[in-house]
Each structure stands twice: as C-alpha cells, then as structure tokens.
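**Q** just need the structure, nothing else, for what follows:
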Amino acid sequence: MLPQLKKLLEMIRFSHTIFALPFALLAAVMAWSVPDPEGLVSFRWLHFVGILICMVGARSAAMAFNRLVDREIDGENPRTAGRHLPAGDLSVASVVSFTVLSTLLFVIGTCFFLPNFLPLLVSIPVMGILFGYSYTKRFTSLAHFWLGLALMLSPVCVWLAIRGLVVLDNPLDLLPSFVLGLAVLFWVAGFDMIYACQDFEYDRDRDLNSIPVRLGIGGALRLAGVCHLIMICLLASLPWTFLVGGPQLGFGWLYWLTLAGVTLLLIYEHSLVRPDDLGRVNIAFFNVNSIISVGLLTAGTLDLLVI
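**A** Next comes the predicted model:
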C-alpha cells in the first residue's frame, strides 16, 4: 500500500504543489487582514484546514487526470517515457481511482466553509477547468495560458471561500484576489513556455500545439519574458486595488523589497535558458519559481500580519 502511494505521489509530482499553494495561502492572509467592521471575516482554523484539503485534492486530481490523458503521448516522448503509467509502474485503474478520490477530497474540503455555499457551488466548474487543461495542446497553442488560468483559480477561490458573504454584497471586494490571480496566470504561462521548449521537436513532429511550436524557441522565450514583466506589473498594482473600489491592503516596505527580489530572480531565470542551450531548464523551472512563490507568501504574511 505505501509503495503504491509513494508512486502515485511521485507521478503527480506532489512537491510541485509549492507553486500554487503559497499563492492560495497569500490570498487567505490578504483576506483575513482586511479590516472588517461588520465582523463577517475572521481567521478560523477550520478554514485553514479546508484550504489545504482543497488545494491538495484539486491539484492531485488534475495531475493524475493529466497523466491518464497523456499516457500514450508520454510513452512516445523519450523525455517522458519513464513516467509511471507508460513504464507500467502504475495501472490505469489505480490512477483512475486516485483521481476520483482526490476529486472527492476537493469537494469535501469545500464543505469546511459552510454556510458559505460559494466554494461548493463552484467546485465542479473549477474541476472542469483543471481537467480541461489536459486536452488543450491538442487544439490550441494557448495551452500555457490555460494552465495559468487553472492556477489563477487558487487565490480567487480562496478569497471567495473566506470573504464570500462580503463579495456577494460588494463584487469589487474580489478585486485584490483577481489581480493576484492574474499575476499567477502570467507567471505560470511564462515558465510553462520555457519548460515546453524541451519538447519542441517532439510536439512539432506530432502536430501538438505549443507556443514554442508556433513561435519557435526564441519567440517562446521572448513571450515568456513579456508574461513575467506583466506579472511584476500586476504584483506592483496589487496594493493599490483599493483606488478602484477594492479593500485596502496594508502592504509595506517588505513587500516592495521582495517584489524587487522577485524581479531579479525572474531575470536570472531567463538568463539560464537560451534557444541553443536548454540544459538548465529544470533549474529555472523548479528552483527559481519555488523561491518566488514561497518568498512572496513569507513577505506578504510578515508585512500584513506582523510588521
């Protein structure tokens, strides 16, 4: 049982949860830190546990579903042929069961926010978007942006889960989480384009869609840079969302210092890869981006709740 579970966690790259979870938790910290004279929003351990359950369940289900849908493609690609399904280390039936159980875990997690019914209401559409990503490269080069949309949902849905009653009365209350979510969208789309450059020749030969196939590796790297520039601009605008009706956030000097650090890290990330040298893509993909997500969560939490 334990060896099987270990293989399942390896298959979905459970450690990569570090990309989306910090932004979900940052949205939660933001939601809890906004002054609320009516007392509708306050920190609850039940909500914190619900966020963790939803994030783990949704991401695990989405990754397992992706491995199921792509198992034949993965088996023909030399870079991915060693993955658990094409290699025969896991059966289709076991991965299907894992996907179903993870989906149920996500839906159960939304019940931790009742009587706020919004998380439960949007749970099925959210899973539809997450599962839909697995088919996108078969018909559109914008698959990277669909993946970004999937991760964008995490801060937006967390905000709805915590401040749903407030949002129903004032839809502009959702604005900070939407701006943060857009930043996540462009961040993910950018680094996914970089990662997809590794499969340029295979995707082109199999008529699969991606930005590298459409624009070439050089064009994809340039567009990834534009996406990351947009991400920085969105994060810079986040503390000012109150000017157009959103709640005021108490970000201070630490947030701005961290944002400067994130900018430097993204510049470093792009310096690691060139059209004629993709050998350091994995360093750019995992190491740099994990520092960015955890760093923003840490700085945002300290800035809003401690300093």
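**Q** so, low pLDDT: which residues of the protein?
**A** 1-3, 5, 7, 9-18, 36-41, 284-285, 307 (pLDDT under 70).
**Q** hey, where'd the helices end up in it?
**A** Using DSSP state H, the helices of the chain run over 2-11, 21-33, 45-69, 71-76, 84-87, 92-110, 118-136, 143-169, 175-196, 200-205, 211-237, 253-271, 281-282, 289-305.
**Q** buried deepest among the ones you listed, which one?
**A** helix 175-196 (a mean of 25; mean count of other CB atoms under 10 Å). The C-beta positions use only the backbone N, C-alpha and C, and glycine is treated the same way.
**Q** packing partners for that helix?
**A** Applying 3 or more CB pairs under 8 Å, 6 or more residues apart in numbering; DSSP states H and E, we find helix 175-196 packed against helix 21-33, helix 143-169, helix 211-237, helix 253-271, helix 289-305.
**Q** wait, F131 sits on F65?
**A** Yes. At 5.1 Å, F131 and F65 qualify as touching, with contact defined as CB atoms under 8 Å.
**Q** one step back: could you dump the helices and strands packed on helix 175-196 to JSON lines with distance to S91?
**A** As requested, the helices and strands packed on helix 175-196 are exported to JSON lines (distance: least, CB to CB, whole Å):
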{"stretch": "helix 21-33", "distance to S91": "29"}
{"stretch": "helix 143-169", "distance to S91": "26"}
{"stretch": "helix 211-237", "distance to S91": "32"}
{"stretch": "helix 253-271", "distance to S91": "37"}
{"stretch": "helix 289-305", "distance to S91": "31"}
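**Q** out of these, nearest to F191?
**A** Distance to F191, taken as CB to CB, is lowest for helix 289-305 among those, at 5.6 Å.
**Q** quick check: closest non-adjacent residue to S177.
**A** W159 (3.4 Å; CB to CB, 6 or more residues apart in numbering).
**Q** residues contacting the one you found?
**A** A27, M30, A31, V167, L174, P176, S177 (CB atoms under 8 Å, 6 or more residues apart in numbering).
**Q** measure the fourth one to L305 for me?
**A** To tie it back to what came earlier, the one meant is V167. 22 Å (CB to CB, to the nearest Å).
**Q** go on, the last one?
**A** Counting by CB to CB, the separation of S177 from L305 is 17 Å.
**Q** same check on the third one?
**A** Going from A31 to L305 by CB to CB gives 12 Å.
**Q** same check, this time on the fifth one
**A** Distance from L174 to L305, counting by CB to CB: 21 Å.
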